[in-house]
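S.K.: Fold the following for me, if possible:
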Amino acid sequence: MPRQFFVGGNFKMNGNVDSITSILNNLNAADLDPSTEVVISPPSMFLLLSRQIANEKIGVSAQNVFDKPNGAFTGEISVQQLQEANIDWTILGHSERRVILKEADEFIARKAKAAIDGGLNVIFCIGETLEEREANKTIDVVTRQLNAAAKELSKEQWTKVVIAYEPVWAIGTGKVATTEQAQEVHAAIRKWLVASISAEAADNTRIIYGGSVSEKNCRELAKQEDVDGFLVGGASLKPAFVDIINARL
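M.R.: Next comes the predicted model:
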């Protein structure tokens, strides 16, 4: 079966009760591509609100989760707490956490294992900085980040993972990888899946693109063989998010 197209909306540290309610009411009322899986990720304090408002066709994701079940970890959130809120996804490894908060590959991989062991699905973010791209280290960087996860996850657990390739230099900058650049890296990631996990994982794992995705560039990106959807930042806060969800219509 073909891989189901996937569009995630990462609200980051944006929104309030009124704006998030408005975004979700707009999505509920919109004529969304029924063949596309849609998951939105609001700030943690709005997860319960979002799950209450969003219809059953829209998934809700946390933006992070900790690798321990409970304890003296101020400011963190656990897998069980998310499950009690009926949240079944989490974003992990976003470059803002890797770069700003200095989260290591191994720590992110442990969080992915804890999330999946506890029943969550994971949007696993990888990507290179501008300096790494200019040094022709893109594939080395993304495979290093994936190798950390491969050490923690069983082959079967990759069915719970959506890989999000997000070049750091394209996030929030207005710059976007060309369709050729995105396809090249996505193809390399799929090749890595064949070699490091299994041919079945390579066939079935969705690899989505993130980094200044908009209603203007999404359709061309969606045509690429190994681009299975998008992780959208700022544009997910706007009505144009509907156009991105419907990129293949």
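
S.K.: residues touching the closest residue to residue 113 other than its chain neighbours, list them.
M.R.: Nearest residue to residue 113 in three dimensions, chain neighbours excluded: residue 152, at 4.1 Å (CB to CB, 6 or more residues apart in numbering). Quick note: C-beta positions are derived from backbone N, CA and C, even for glycine. Residue 152 is in contact with 109-110, 112-113, counting by CB atoms under 8 Å, 6 or more residues apart in numbering.

S.K.: rerun at 10 Å
M.R.: 67, 106, 108-114, 116-117 (CB atoms under 10 Å, 6 or more residues apart in numbering).

S.K.: Kindly report the same for residue 73.
M.R.: Under the criterion of CB under 10 Å, 6+ apart, the neighbours of residue 73 are 66-67.

S.K.: Show me the helices in the chain, by range?
M.R.: Remark: helices assigned in the chain by DSSP state H are 17-29, 47-53, 79-84, 95, 105-117, 130-134, 138-152, 179-196, 199-204, 218-222, 241-245.

S.K.: Let me have the ones you listed in a markdown table, adding distance to residue 173 and mean pLDDT as columns.
M.R.: Formatted as a markdown table, those follow (distance: least, CB to CB, whole Å; pLDDT from 0 to 100):
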| stretch | distance to residue 173 | mean pLDDT |
| --- | --- | --- |
| helix 17-29 | 23 | 98 |
| helix 47-53 | 27 | 98 |
| helix 79-84 | 30 | 97 |
| helix 95 | 12 | 95 |
| helix 105-117 | 23 | 98 |
| helix 130-134 | 9 | 91 |
| helix 138-152 | 16 | 98 |
| helix 179-196 | 14 | 97 |
| helix 199-204 | 30 | 98 |
| helix 218-222 | 16 | 96 |
| helix 241-245 | 18 | 98 |
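
S.K.: Which one of these lies nearest to residue 160?
M.R.: Of all the helices of the chain, helix 105-117 sits nearest to residue 160, with 4.7 Å by CB to CB.

S.K.: Buried residues, that closest one. List them.
M.R.: 105, 107-117 (16 or more other CB atoms under 10 Å).

S.K.: Likewise for stretch 49-62?
M.R.: 49-51, 53-54, 58-62.

S.K.: Could you identify the most distant pair in those?
M.R.: Of all pairs in the buried residues of stretch 49-62, the most separated under CB to CB is 53 and 62 at 16.3 Å.

S.K.: For beta bridges, what are the partners of residue 125?
M.R.: Residue 125 has these beta-bridge partners by DSSP bridges: residue 164.

S.K.: Make residue 1 into 46 and carry on from there
M.R.: Yes, from this point I'll number from 46; that puts the last item at residue 170.

S.K.: pretty sure it is in contact with residue 156, am I right?
M.R.: No: applying CB atoms under 10 Å, one finds residue 170 not in contact with residue 156, separated by 11.7 Å.

S.K.: who touches both of these two?
M.R.: 137-138, 142.

S.K.: what would those residues look like in JSON lines with neighbour count and pLDDT?
M.R.: Formatted as JSON lines, the shared contacts of residue 170 and residue 156 follow (neighbours: other CB atoms under 10 Å; pLDDT from 0 to 100):
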{"residue": "137", "neighbour count": "27", "pLDDT": "98"}
{"residue": "138", "neighbour count": "27", "pLDDT": "98"}
{"residue": "142", "neighbour count": "18", "pLDDT": "96"}
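
S.K.: for these, which one is nearest residue 239?
M.R.: Nearest to residue 239 among the shared contacts of residue 170 and residue 156: residue 138, at 21.4 Å, using CB to CB.

S.K.: isn't that closest one right next to residue 167, touching?
M.R.: Yes: the pair residue 138 and residue 167 qualifies as a contact (CB under 10 Å) at a distance of 8.8 Å.
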